[in-house]
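# can't give you the sequence, but here's the structure:
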């Protein structure tokens, strides 16, 4: 297997991640089935609707396979919906997730669409902040000891890492800032 | 693009990027018309990416006649409380006061819709003036780009709502995709006349020429009733489908809703579509668009 980045293309803004990967010259492939997942060595879970994608991941066995691959070391990065699907728990809801990050998330933490916004986000180890685009975004409200919170916005945790699994509340794929993509691809 | 995005260091609400961004998040999905909280939950459980809250689905608006207006905020709020997915609602064409009310109750998207009775026969809503994003219907590229010029963050084909007949959605999607290709291959110096002929803003025509796509996500609506219809529209270039009367006017809404969601994901896989389409119960009865007279058409509303 060469180094190919998979982008989960069940629903959501997967095309935007594909565009960024194209811009930084990383070989990439859309993932809709278990067979597609076999072709990639890392996976991005894009923004979208977590209930929709959660249902479809359960219905066709792809969710199970993502958990299995992640367990054997496949790096996974989730943006917005991706963070929700990676979480162990969704606050106040009995929602199915992949459970790969030991975090509890709050959905729509900033309110509905009229409260969506963009602002700079401090990232640990970065000199220049990232431009965070938050669209009906979740935040991390609780996390286990193995989880490192690497991005905060107004005291809320908006970026986490646990081993090879990363989650961000915001959408770097909607901006021209490719730093997180480059970091994810190069590891 | 005339609308500026925010830059580092400033909180820039109501930016173009967030409005179009939410539309991007809804790609590859199904948006369903619902008339109460129970239907909204059925839609969410089936995998809808958003619901359109309205008092009467287009098939009933067509049957009942009279003036069709914005829904009661009470009913929209009840639906908002019952689901976590985005909730959209319709205002009449040009009725910016209805749009202001919908924004005040924080719906996630406003559909300035020809399905309701138009309030203004010249002007559409100035959608740049709102924080909430708008979706508008279109029958061709010129109409789509005029709406984008007014600030629409999502375009959908109009189709012919409430009929269950996909023929108009096909006509409109084919027209938009064909005209995009024509703009794309035109010479730079031909764009001025193309913009004039299509009555579209020049900057929008330029954006299509450069990107080969609409400046905003391109969805499909109006007459989609089966998984095969959804697959057809996706293969013709739709990035998400709206299903209005097609689900809750069918024999087994939960089942049909789930099947249409799956058919969008597997729209290029006929074997899976065959499986998905099996034993779904009665589809909505439907009306042949060709049997309607000119005055009964909804798609001709909006300019």
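Noted; the coordinates are in hand. These figures come from a predicted structure and were not determined experimentally.
# Going by residue numbers, what spans are strands in the stretch 151-300 of chain B?
With DSSP state E, counting those that start in this stretch, the ranges of strands along the stretch 151-300 of chain B come out as B:154-157, B:218-219, B:241-243.
# so where is the chain shaky, pLDDT-wise?
No chain in the question, so chain A it is. Along chain A, segments meeting pLDDT under 70 span A:1-2.
# try again with chain B
B:1-14.
# at 50 what do you get?
Along chain B, segments meeting pLDDT under 50 span B:1-13.
# Spatially central, which residue of chain A would that be?
Most central in chain A under C-alpha atoms, centre = their mean is residue A:78, positioned 0.8 Å from the mean C-alpha point.
# Can you name the residues bridging to it?
Assessed by DSSP bridges, residue A:78 has beta-bridge partners residue A:45, residue A:167.
# Let me see the contact set for whatever residue of the stretch 201-303 of chain B ends up closest to chain A.
Chain A sits closest to residue B:265 of the stretch 201-303 of chain B, with a gap of 6.1 Å, by C-beta to the nearest C-beta. No exception for glycine: its C-beta is placed from N, CA and C like everyone else's. Applying C-beta atoms under 8 Å, 6 or more residues apart in numbering or on different chains to residue B:265 gives the contacts A:10-11, A:32, A:56, B:28.
# Keep only those of these that are in helices.
residue A:56 (DSSP state H).
# out of the contacts of residue B:265, which is most surrounded?
Top of those by neighbour number is residue A:11, holding 29 neighbours under the definition other C-beta atoms under 10 Å in any protein chain shown.
# which helices and strands does the longest helix seen in chain B pack with?
In terms of residue count, the longest helix belonging to chain B (DSSP H) is helix B:167-185. Identification of packing neighbours for helix B:167-185 by 3 or more C-beta pairs under 8 Å, 6 or more residues apart in numbering or on different chains; DSSP states H and E yields helix B:141-149, strand B:154-157, helix B:191-198, helix B:202-211, helix B:227-235.
# one more time with 6 Å
helix B:141-149, strand B:154-157, helix B:202-211 (3 or more C-beta pairs under 6 Å, 6 or more residues apart in numbering or on different chains; DSSP states H and E).
# in the last one, what counts as buried?
By neighbour count, and taking 16 or more other C-beta atoms under 10 Å in any protein chain shown as the criterion, the buried residues in helix B:202-211 are B:204-209.
# Then stretch B:117-127?
Under 16+ other C-beta under 10 Å, the buried positions of stretch B:117-127 are B:118-119, B:124-125, B:127.
# ok now that stretch, how far from the chain's centre?
Put simply, stretch B:117-127 sits 17 Å off its chain's centre (C-alpha atoms, centre = their mean, to the nearest Å).
# Repeat that for stretch B:144-154.
Stretch B:144-154 has its average C-alpha position 12 Å from the chain's average C-alpha position, going by C-alpha atoms, centre = their mean.
# any residue of it up close to chain A?
No - with C-beta under 6 Å from any C-beta of the partner chain as the criterion, chain A is not reached by stretch B:144-154; the gap is at least 10.1 Å.
# For the helix or strand where residue A:53 lies, which helices and strands make contact with it?
Taking DSSP states H and E as the criterion, residue A:53 maps to helix A:50-59. Counting contacts by 3+ C-beta pairs under 6 Å, 6+ apart, helix A:50-59 packs against helix A:81-86.
# what do you get if the cut-off is 10 Å, keeping everything else the same?
strand A:5-8, helix A:62-71, helix A:81-86, strand A:87-90, helix B:37-46, helix B:253-265 (3 or more C-beta pairs under 10 Å, 6 or more residues apart in numbering or on different chains; DSSP states H and E).
# and the helix or strand following the first one, anywhere near chain B?
If I follow you right, that is strand A:5-8. Using DSSP H and E, the helix or strand that follows strand A:5-8 towards the C-terminus is helix A:14-23. Yes - Helix A:14-23 comes into contact with chain B (C-beta under 10 Å from any C-beta of the partner chain), by way of A:14-16.
# now these in a markdown table, with neighbour count?
Written out in a markdown table, the entries for the residues of helix A:14-23 next to chain B read as follows (neighbours: other C-beta atoms under 10 Å in any protein chain shown):
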| residue | neighbour count |
| --- | --- |
| A:14 | 26 |
| A:15 | 17 |
| A:16 | 22 |
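# Serialize the helices and strands packed on helix A:50-59 to JSON lines and add fields for distance to residue B:77.
Converted to JSON lines, those look like this (distance: least, C-beta to C-beta, whole Å):
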{"stretch": "strand A:5-8", "distance to residue B:77": "33"}
{"stretch": "helix A:62-71", "distance to residue B:77": "33"}
{"stretch": "helix A:81-86", "distance to residue B:77": "24"}
{"stretch": "strand A:87-90", "distance to residue B:77": "23"}
{"stretch": "helix B:37-46", "distance to residue B:77": "10"}
{"stretch": "helix B:253-265", "distance to residue B:77": "23"}
